[in-house]
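**Student:** got a sequence here, can you build the structure:
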Amino acid sequence: MALEDEQDANTLQWEVSVTLSSNQPVIGSEIFTTETKLVNSYHTIGSLPPPPHSFVYTWYRHSIPCSVHHHKLATVQCTSCDKLNASIEKSYHCSSKCFSDAWNKHKKYHHWAAHAARNNSTGNQQDVKKLRSSGSWPNLIDGSVLDENAIMVEEDNIWIKNTLNSNLKAQSSNDVVFSVLTYNILADSLSINALGYCPKWALAWEYRQENLLEEIIKYDADILCLQEVQCDHFENFFEPELKILGYSVMYKKKTGAGLFTAESEKSTNHGCATFYHSKLFKEIMKYELEFDKEASSVVNALEPKIRFKGSHRLTSKDNVALVVVLESLQNGSNRDAFQSRICVANTHIHWSKGHEDVTLFQVAHLVNGLEKIAQSQQIPLIICGDFNSRPGRYVFCYWQSGSH
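**Tutor:** Residues are numbered from 1 along each chain as shown. Now for the predicted structure:
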């Protein structure tokens, strides 16, 4: 900061250096700087009041951390990143060896930055991929699910028993090799009450979003399944950032935001997002499952005396699942269609204390529908998501043995 005396022909200048003595990141923190506070700070330097003056100030980092070893200071910067207008935070390294060791991963940033620059310069943004018509969810209203021996009422719980067929055989996808990442990223609208042990600055979305993106990029997965993706963050951050990296995207938000919900609340609603590399896969069919709607048909099939209780427990939940059938494009050609296809499901299952029967119902309903999709096309199946279950609990046992 520099203070200049406007009355003296020989202008006097003072420079004041201010250090933030905190390990807390600047991102997510508020810094208030006003002329009054600066004048008061100046006044404490001498005995005379400050003369009429003007001031200028600039905030900057005195030391820059290495993008790989965050506890070390950077001494080397990649000049290519600067030329490509890439994120400079990723261009700093603590030593030449650090830069050399990280080169194979780091050079990917150059490709992404160049790709983004070409799109911006030509004005040819990636076309928004129009999703194919969503297929209807396989009908589960049949004797295998709703016979009188499959439903049990126990106090305040409604249990769906033995609904997992467990007859899917191991299937090959013609030696197609790919990687899958599933991640509940914690919606910002839920973070305040979710992690009471975590400092507020670490939960700030401005701080978390870049760390999340950096971690996701490092895994370099061919298929990404993210849960608790807030609507506005999907549209303004994840979708554009991951499209630049060559991902095709699809999104299904929870059904909690209704017609009379405020727009601000709709934007902070969250859901499931699935991304896949467009050079490796193309979309064949997409299914969207809303558990509350699917539960309505199940409740209607219950006996009248338990129908109200079943409706209260099963149809008031807004959880969803996003299912896509992908076809491999590896080796640059479409091989036998069914041998190169795979079904990928992404979901976030309900949980609340005393409602484990609802959690189990949603998982069982999802699996039964997925089995029908996989069997009808004879394709492998991958199920990703947050199932809100721990080892030894009903849902976990259901995955293991086909019953609870």
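**Student:** domain assignment for this structure?
**Tutor:** 2-56, 76-122, 143-401 (automatic domain parsing).
**Student:** name the nearest residue to residue 98, sequence neighbours excluded.
**Tutor:** Leaving aside its chain neighbours, residue 98 sits nearest to residue 68 (5.6 Å; criterion: Cβ to Cβ, 6 or more residues apart in numbering). All C-beta spots, glycine's among them, are computed from the backbone N, C-alpha and C.
**Student:** dump the residue contacts of the one you found.
**Tutor:** Counting by Cβ atoms under 8 Å, 6 or more residues apart in numbering, residue 68 makes contact with 93-94, 98, 101-102.
**Student:** rerun that using 7 Å as the cut-off
**Tutor:** Contacts were defined as Cβ atoms under 7 Å, 6 or more residues apart in numbering; by that measure residue 68 touches 93, 98, 102.
**Student:** which of the domains of the chain has the lowest mean pLDDT?
**Tutor:** When those are compared on mean pLDDT, domain 2-56 scores lowest, with a mean of 53.
**Student:** give the closest residue to residue 385 in space, chain neighbours not counted.
**Tutor:** Leaving aside its chain neighbours, residue 385 sits nearest to residue 347 (3.9 Å; criterion: Cβ to Cβ, 6+ apart).
**Student:** actually residue 221, sorry about that
**Tutor:** Sequence neighbours aside, residue 181 is the residue nearest to residue 221 in space, at 3.7 Å (criterion: Cβ to Cβ, 6+ apart).
**Student:** what's that neighbour sitting at in phi/psi?
**Tutor:** Main-chain torsions, residue 181, degrees, to the nearest 10: phi -120, psi 130.
**Student:** helices of the stretch 251-400 of the chain, residue ranges please.
**Tutor:** Taking DSSP state H, counting those that start in this stretch to define them, one finds helices in the stretch 251-400 of the chain at 263-267, 291-300, 304-314, 356-377, 394-401.
**Student:** which elements pack onto the longest one?
**Tutor:** Contact analysis of helix 356-377 by 3 or more Cβ pairs under 7 Å, 6 or more residues apart in numbering; DSSP states H and E lists strand 157-160, helix 291-300, helix 304-314, strand 341-348, strand 381-386, helix 394-401 as its packing neighbours.
**Student:** in the fifth one, what counts as buried?
**Tutor:** Of the residues in strand 381-386, those buried by neighbour count under the rule 16 or more other Cβ atoms under 10 Å are 381-386.
**Student:** next: the second one.
**Tutor:** In terms of neighbour count (16+ other Cβ under 10 Å), helix 291-300 has its buried residues at 291-292, 294-295, 298-299.
**Student:** now those in TSV, with distance to residue 215?
**Tutor:** Putting those into TSV (distance: Cβ to Cβ, whole Å) gives the following:
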residue	distance to residue 215
291	29
292	32
294	33
295	35
298	39
299	41
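**Student:** contacts only, for residue 356.
**Tutor:** 393-394.
**Student:** got the contact list for residue 69?
**Tutor:** By Cβ under 7 Å, 6+ apart, the residues touching residue 69 are 94, 98.
**Student:** switch the cut-off to 6 Å
**Tutor:** Taking Cβ atoms under 6 Å, 6 or more residues apart in numbering as the criterion, residue 69 is in contact with residue 94.
**Student:** how much space between it and residue 212?
**Tutor:** Separation of residue 69 from residue 212 (Cβ to Cβ, to the nearest Å) stands at 20 Å.
**Student:** what's the answer for residue 281, then?
**Tutor:** 23 Å.
**Student:** again, but for residue 341
**Tutor:** The gap separating residue 341 from residue 212 is 30 Å, by Cβ to Cβ.
**Student:** more neighbours: these two, which one.
**Tutor:** residue 341 (22 against 18; other Cβ atoms under 10 Å).
**Student:** before we move on, the earlier item: reformat the helices and strands packed on helix 356-377 as CSV; add distance to residue 253.
**Tutor:** Compiled in CSV, these are given as follows (distance: least, Cβ to Cβ, whole Å):
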stretch, distance to residue 253
strand 157-160, 26
helix 291-300, 13
helix 304-314, 20
strand 341-348, 11
strand 381-386, 15
helix 394-401, 23
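**Student:** out of the ones you listed, which is closest to residue 324?
**Tutor:** Proximity of those to residue 324 was assessed by Cβ to Cβ; the nearest stretch is strand 341-348, lying at 5.5 Å.
**Student:** angle of that closest one against helix 356-377?
**Tutor:** Counting by axes from the mean of the first three to the mean of the last three Cα atoms, to 10 degrees, strand 341-348 lies at 170 degrees to helix 356-377.
**Student:** could you tell me the angle between strand 341-348 and strand 381-386?
**Tutor:** With the same axes, to 10 degrees as the basis, strand 341-348 and strand 381-386 are set at 20 degrees to each other.
**Student:** send me strand 341-348 as CSV with only the CA atoms.
**Tutor:** The C-alpha trace of strand 341-348 is given here as CSV (Å, rounded to 0.1, in the frame of the first residue of the first chain):
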residue,chain,number,x,y,z
ARG,A,341,-22.4,-52.4,-24.7
ILE,A,342,-22.6,-51.9,-21.0
CYS,A,343,-25.3,-50.6,-18.7
VAL,A,344,-24.2,-48.0,-16.0
ALA,A,345,-26.5,-47.0,-13.2
ASN,A,346,-25.9,-44.0,-10.9
THR,A,347,-28.1,-43.4,-7.8
HIS,A,348,-28.4,-41.9,-4.4
